[in-house]
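> Need coordinates for the following:
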Amino acid sequence: MDNTTRGPINWSEVMWISSIVSLGMLAQIWLQLGIAAYLALFPVMAATKISNYSLLGMLKAFSPIILVACVALLVNQVFATHPAVVWCVSIWVFDRARRWADTPAKVGFILIPLLNWFLVTIFAQQSHFEMTGWIRDMAISMLTTMVVVRFVSLFLTPPKAMAPPAMPSAPVSYRQRFIFVAMLGTGLGFLMMVNLVSATFCMMPVIVAAAQSRQQNYQMVIKNVLYAHVGGCALALIFMGLLAGQHAHNLIYILSLGGLVTLIAMWISGSRGGTRGLHSEAMLGTMLPLQLYVSASDLGLHNIYFRGELMLTVLVILVICQGVIYGTASTNNDNRHS
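I've put the predicted structure just below:
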């Protein structure tokens with residue numbers, strides 16, 4: 001890789017990332033939460049996405065995720081017998097979120113809250129899981145992550161975050177709003193009608209791709225998700241295959257997971273530009289299936305493979321949608337300047 005994408009590794013940053021992600025994920029061994037995914041999501045976010053590690057800074061970063069989940073739960077409880085109303089309210093939420101997200105930073109900000117809206121809605125409609133327990137596990141995961149970050153900060157200095165380039169806001173056109181609502185509304189409607197709960201996690205690339213106004217960025221999203229999430233599932237499969245069932249022994253799993261997290265943290269620290277973001281996303285793409293599907297009695301190989309297969313299917317659909325969204329070269333040029 002050339003010098004524009006690689007640089008020296010900051011070992012302090014590597015230790016910071018690996019400590020937070022490893023300790024956050026391993027907390028599941030003792031907490032045994034019913035929804036373990038957030039003990040991968042919040043630690044990875046804390047280690048790679050946020051820059052303010054004070055309690056107030058972390059609350060500001062995490063609280064919208066829980067707030068959106070609570071609103072989604074309320075909507076699904078009130079209109080439990082009227083899924084069409086839930087779908088219509090969701091469409092309104094999607095449109096409001098897209099209208100607000102008029103900069104790349106805001107687009108990134110709405111990703112996890114909207115994914116949470118999908119998760120709560122689909123699980124409330126399609127499963128018998130106690131949804132108040134879902135919110136409780138999410139809140140416990142958030143608080144656990146905050147405790148882990150503050151604990152790690154006693155021994156390590158948080159890395160200095162590089163300020164992102166200032167991007168001017170641009171009005172969101174009706175066409176962009178329609179594309180966003182159409183793609184997310186279609187995905188939500190499909191998942192509400194078809195009992196394929198595991199595919200809900202695969203809505204993340206749909207949300208990101210639908211928010212892009214340039215075809216080049218749309219294609220980049222597809223490529224990054226292929227590398228980070230499909231590749232992450234492949235890496236998780238290799239990792240669990242190498243453990244060969246020894247993951248049931250806590251010490252072996254702790255050491256192995258710490259080694260894997262440290263390896264990805266080295267990729268992140270030594271990367272520059274867009275490659276750094278790709279490796280940060282690969283951390284989530286690898287840790288999420290491990291946290292979701294691996295247990296003391298199950299290697300999770302089948303479910304990890306199925307997740308990668310579903311994610312690949314979603315990417316194929318996004319490639320097909322690209323022609324509908326951007327059309328001919330002339331339409332493409334018009335969209336780029338919208």
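> So for the helix or strand hosting F178, mean pLDDT?
F178 is part of helix 174-193, with elements assigned from DSSP states H and E. Averaging pLDDT along helix 174-193 yields 93.
> Tell me which other helices or strands it touches.
If you count contacts as 3 or more CB pairs under 8 Å, 6 or more residues apart in numbering; DSSP states H and E, helix 174-193 packs onto helix 83-100, helix 104-126, helix 203-210. For glycine as for every other residue, the C-beta is placed from the backbone atoms N, C-alpha and C.
> try 10 Å
helix 83-100, helix 104-126, helix 203-210, helix 301-326, helix 329-336 (3 or more CB pairs under 10 Å, 6 or more residues apart in numbering; DSSP states H and E).
> okay, those in TSV with distance to L284 next?
As requested, these are arranged in TSV below (distance: least, CB to CB, whole Å):
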stretch	distance to L284
helix 83-100	21
helix 104-126	10
helix 203-210	9
helix 301-326	12
helix 329-336	29
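> looking at the ones you listed, which is buried most?
Mean neighbour counts were taken over those using mean count of other CB atoms under 10 Å, and the top value, a mean of 24, falls to helix 203-210.
> How far does that one sit from its chain's centre?
With CA atoms, centre = their mean, to the nearest Å as the basis, helix 203-210 stands 10 Å off its chain's centre.
> Give me the pLDDT for A37.
89.
> repeat for the one 4 residues further on
Here, the pLDDT recorded for L41 equals 93.
> Can you list phi and psi of it for me?
Here is the backbone geometry of L41 (degrees, to the nearest 10): phi -60, psi -50.
> For it, grab the count of nearby residues.
Neighbour count for L41, taken as other CB atoms under 10 Å: 24.
> Repeat that for I29.
12.
> just checking, it touches Y253?
Yes: judged on CB atoms under 10 Å, I29 makes contact with Y253 at a distance of 8.1 Å.
> Quick check: neighbours shared by those two?
Listed as contacting both I29 and Y253 by CB atoms under 10 Å, 6 or more residues apart in numbering are A296.
> coming back round to it: rebuild the helices and strands packed on helix 174-193 as TSV, extending it with distance to L143 and mean pLDDT.
Putting these into TSV (distance: least, CB to CB, whole Å; pLDDT from 0 to 100) gives the following:
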stretch	distance to L143	mean pLDDT
helix 83-100	26	95
helix 104-126	17	89
helix 203-210	24	92
helix 301-326	27	90
helix 329-336	43	43
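> now for these, which one comes closest to G24?
Comparing the helices and strands packed on helix 174-193 against G24 with CB to CB, the closest turns out to be helix 104-126 (15.5 Å).
> Please state the offset of that closest one from the chain centre?
Averaging C-alpha positions (CA atoms, centre = their mean) puts helix 104-126 9 Å from its chain's average.
> Starting from it, tell me the next helix or strand along the chain.
With elements assigned by DSSP H and E, the helix or strand that comes after helix 104-126 is helix 131-152.
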